[in-house]
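K.L.:
whatever this is, show me its structure:
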Amino acid sequence: PKKKGIKPGVQMRQLHWTKLPDAKVKGTMWENDMSDDKIKIDPAEVETLFAAAAAKKKDEDAEDDKRRKTIVKKAEVVTLIDPKTANNAAIALSRFKVPTDKIAAALLAGDSNVLSADSLTSLMTILPSAEEVELVQGHDGPTAQLGKCEQFFLAIASVPRYTIRTKCMLTAANFPERAHELKSKVEDVAAAVKEVRASKALKETIEFALAIGNYLNGGTNKGAAWGFKIDSLNKLIGTKTLDNKSTLLHYMARKLAEKGTVDALLDELSHIEPAARIVWKDESGELASLGTALKQVETQVKLDKNEAFVRELGSFHSTAKAEFEAISKAKATADEAATAMLKWLGEDAKVQPEEVFSTLHNFSLTIEKGHRYNVDMEEKEAKKKRMEAAAEKRAEEKQCVVCMDKEKDVALDPCGHRVCAVCC
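P.N.:
Residues are numbered from 1 along each chain as shown. Reported below is the predicted structural model:
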């Protein structure tokens, strides 16, 4: 039952507590164990200490009576919500640029022209709880006296199922972006799977790695292998040459580059980079989340009595449902293809597609870097040989053609040929 209120003799300062809703009293200590009826309050003492304004003398009251004839006394704002919540709500509401009644009306009608995606996201953070609604609805004074937050809560409370409506509108506002991103990721993974299965350069690379690996491991328990785990490709750089100046990766890069395989590898695997950044399990969760959100919209449209809301959200749901089903079908197809790819590669069932894509992408970059290193080293070696040849030629030109030992330092007259002083 509703508790009988107390009416102080004067306007009092307020205690900003969180009032327990009447409906939640039953079964708690407040039902039988706690009672303020037995507490004796000295009204005069409390009103003296905690009055909203100090008591005035009679002559001051008379003066105030005269002043009231020309000045309208500003009504004191009544705040019921705790200050932190009220302040957060006031900050958020200041960004809306529309009155609270317009926000409530837009929410009722599903009007996306008033409530954008950003507005709805902000609105979700300040929607009142059931307890806060009960608190503001319990106010028996003029609504105009309520604070900005309290008036907002009161307006929103007039909208049926305001939380679900906000979620539905937010789903509609965010759907194009979410659907586009999900569709793009599904397409990237599907394309990457096809590239891995079809790449001739990857096939040549793996075959060469298998051949050289079996040769190096010949006569050991690691030899005579039919295949290897894909992540082994990134271990090629760990096997160094006898002089420790190069690695097996650089050797492979040189051999494969002769056939154009290194350059072709990156070209033929163009989608593995974006696919490597996609956590495939997360996209399954995102698809399920989007489906749940659309189902919530469908249910609300069926239950709602507001024609404008049903028209707006109903139209959205029809279009979005068809797009969602197309994405779901593409996702299922990509799932099957990715699973088949992992099996084809001989990977364990626990391995995720992005792990394979990441391995192949890193390897493609590494072997391409190894190829560039090889080219740089070859160019440096060629340059060194050219310089040595030039130096040798210059030395020959300075050498005495007679003794082939001393440096030319005397010119013969009259021919001008140069020989060393000893041979002159």
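K.L.:
count the neighbours of the closest residue to Leu265 other than its chain neighbours for me.
P.N.:
Spatial nearest neighbour of Leu265, excluding adjacent residues (C-beta to C-beta, 6 or more residues apart in numbering): Ala201 at 4.3 Å. The C-beta positions use only the backbone N, C-alpha and C, and glycine is treated the same way. Residues within reach of Ala201, counting by other C-beta atoms under 10 Å, total 20.
K.L.:
what's the following helix or strand after the helix or strand where Ala155 lies?
P.N.:
Using DSSP states H and E, Ala155 maps to helix 148-157. Under the assignment DSSP H and E, the closest C-terminal helix or strand after helix 148-157 is helix 162-198.
K.L.:
now do that following helix: which elements does it pack against?
P.N.:
Applying 3 or more C-beta pairs under 8 Å, 6 or more residues apart in numbering; DSSP states H and E, one finds that helix 162-198 contacts helix 100-109, helix 117-126, helix 272-276, helix 280-303, helix 307-345, helix 353-398.
K.L.:
give me the angle between the helix holding Ala155 and helix 162-198.
P.N.:
80 degrees (axes from the mean of the first three to the mean of the last three C-alpha atoms, to 10 degrees).
K.L.:
for helix 148-157, which positions count as buried?
P.N.:
Within helix 148-157, the residues scored as buried using 16 or more other C-beta atoms under 10 Å are 149-157.
K.L.:
quick one on the thing from earlier: give the contact list for the residue nearest to Leu265.
P.N.:
Applying C-beta atoms under 8 Å, 6 or more residues apart in numbering, one finds that Ala201 lies in contact with 261-262, 264-265, 267-269.
K.L.:
mind redoing it with 6 Å?
P.N.:
261, 264-265, 268 (C-beta atoms under 6 Å, 6 or more residues apart in numbering).
K.L.:
repeat that for Phe309.
P.N.:
So Phe309 contacts 109-110 (C-beta under 6 Å, 6+ apart).
K.L.:
and the pLDDT at it?
P.N.:
Looking at Phe309, its pLDDT stands at 93.
K.L.:
contact partners of stretch 283-300?
P.N.:
Taking C-beta under 6 Å, 6+ apart as the rule, stretch 283-300 contacts 164, 168, 171, 178, 182, 185, 313, 317, 320, 324, 331.
K.L.:
ok, now with 8 Å
P.N.:
Taking C-beta under 8 Å, 6+ apart as the rule, stretch 283-300 contacts 161, 164-165, 167-168, 171-172, 175, 178-179, 182, 185-186, 189, 313, 316-317, 320-321, 324, 327-328, 331, 335.
K.L.:
among those residues, which ones are buried?
P.N.:
The buried subset of these - by 16+ other C-beta under 10 Å - is 165, 167-168, 171-172, 175, 178-179, 182, 185-186, 189, 313, 316-317, 320, 324, 327-328, 331, 335.
K.L.:
can you give me the distance of Asn113 to Glu177?
P.N.:
Distance, Asn113 to Glu177, using C-beta to C-beta, to the nearest Å: 18 Å.
K.L.:
what does Thr163 give?
P.N.:
22 Å.
K.L.:
neighbour count: those two, which is higher?
P.N.:
Using other C-beta under 10 Å, the more surrounded residue of Thr163 and Glu177 is Thr163, with 15 against 10.
K.L.:
thought that one was touching Thr125?
P.N.:
No. Assessed by C-beta atoms under 8 Å, Thr163 is found out of contact with Thr125, at 11.8 Å.
K.L.:
moving C-terminal of the helix or strand hosting Ile212, what's the next helix or strand?
P.N.:
For Ile212, the host element (DSSP H and E) is helix 200-216. Beyond helix 200-216 in the direction of the C-terminus, DSSP H and E gives the next helix or strand as helix 248-257.
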